[in-house]
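Q: Sequence and computational prediction follow.
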Amino acid sequence: MLIRHALKIGDIGRITYLHGVLYAKEHGYDYTFEAYVAEPLGQFAKRSNARERIWIVEDNGEVLGSIALCEVSAKEAQLRWFLVSPELRGKGVGKKLLNSLIDFAKEQSYEEISLWTVKGLEAAKNIYIASGFTLQEEIEHLVWGSNHTEQKYVRSVSVETLMSVKTA
């Protein structure tokens, strides 16, 4: 298994496909979720921002996961496109990706990382909370073919916070 930062031909499509197929199978999302992933991911790929990074999990040439950090402002970054394929879940890959993202946010002098997820993704919620994120906001609405409660989690980025999470 390899975790890389450089995008290759096919990565945008594969990351979008993985999100679409897995979220449809596991949570009943429709095709509009793929568009929700594809549009900002395409914009991310076009930017050349040293304060942003994507991590792509590859095994035997196949993309099996991703996570990215996108700049919101000089002080805030957003975690995006966090996904680990079922065959890699429970092996520490998600935790490794998230820790790498947090370390990178610190290196880039962000003060805060935010992320949006949906209620009911218990494994994701647990990894976020274990990594120092706290729930800040909830919005209920019809999206991706059904009603969902979107949740915003936020985490402070500081040396002290990083030390306490890594020792936990």
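A: It's in.
Q: where does this protein have low pLDDT?
A: 142, 159-168 (pLDDT under 70).
Q: and residue 110, which of the three is it?
A: Counting by DSSP: H, G, I helix; E, B strand; the rest coil, the backbone at residue 110 sits in coil.
Q: That one and residue 43, how far apart?
A: For residue 110, the distance to residue 43 equals 19 Å [C-beta to C-beta, to the nearest Å]. C-beta here means a position set from N, CA and C on the backbone, and glycine is covered the same way.
Q: Neighbour count for those two, which is higher?
A: residue 110 (23 against 10; other C-beta atoms under 10 Å).
Q: how about that one, what does it touch?
A: Contacts for residue 110 (C-beta atoms under 8 Å, 6 or more residues apart in numbering) come out as 51, 75, 76, 77, 157.
Q: Need those residues in JSON lines (columns: secondary structure).
A: Listed next are the contacts of residue 110 as JSON lines, based on three-state DSSP:
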{"residue": "51", "secondary structure": "coil"}
{"residue": "75", "secondary structure": "coil"}
{"residue": "76", "secondary structure": "strand"}
{"residue": "77", "secondary structure": "strand"}
{"residue": "157", "secondary structure": "coil"}
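Q: so after the lengthiest helix in the chain, what's the next helix or strand?
A: Longest helix in the chain by number of residues, with DSSP state H as the criterion: helix 11-27. Beyond helix 11-27 on the C-terminal side, the first helix or strand identified by DSSP states H and E is helix 32-46.
Q: send the alpha carbons of that following helix over as CSV?
A: Extracted C-alpha coordinates of helix 32-46, given in CSV (Å, rounded to 0.1, in the frame of the first residue of the first chain):
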residue,chain,number,x,y,z
THR,A,32,-26.1,13.8,-7.2
PHE,A,33,-23.6,13.0,-4.5
GLU,A,34,-21.0,12.2,-7.2
ALA,A,35,-21.6,15.7,-8.6
TYR,A,36,-21.2,17.2,-5.1
VAL,A,37,-17.8,15.4,-4.9
ALA,A,38,-16.6,15.9,-8.5
GLU,A,39,-17.1,19.7,-8.8
PRO,A,40,-15.0,20.9,-5.9
LEU,A,41,-12.5,18.1,-6.4
GLY,A,42,-12.0,19.2,-10.0
GLN,A,43,-11.4,22.8,-8.8
PHE,A,44,-9.0,21.5,-6.2
ALA,A,45,-7.0,19.7,-8.9
LYS,A,46,-6.8,22.9,-11.0
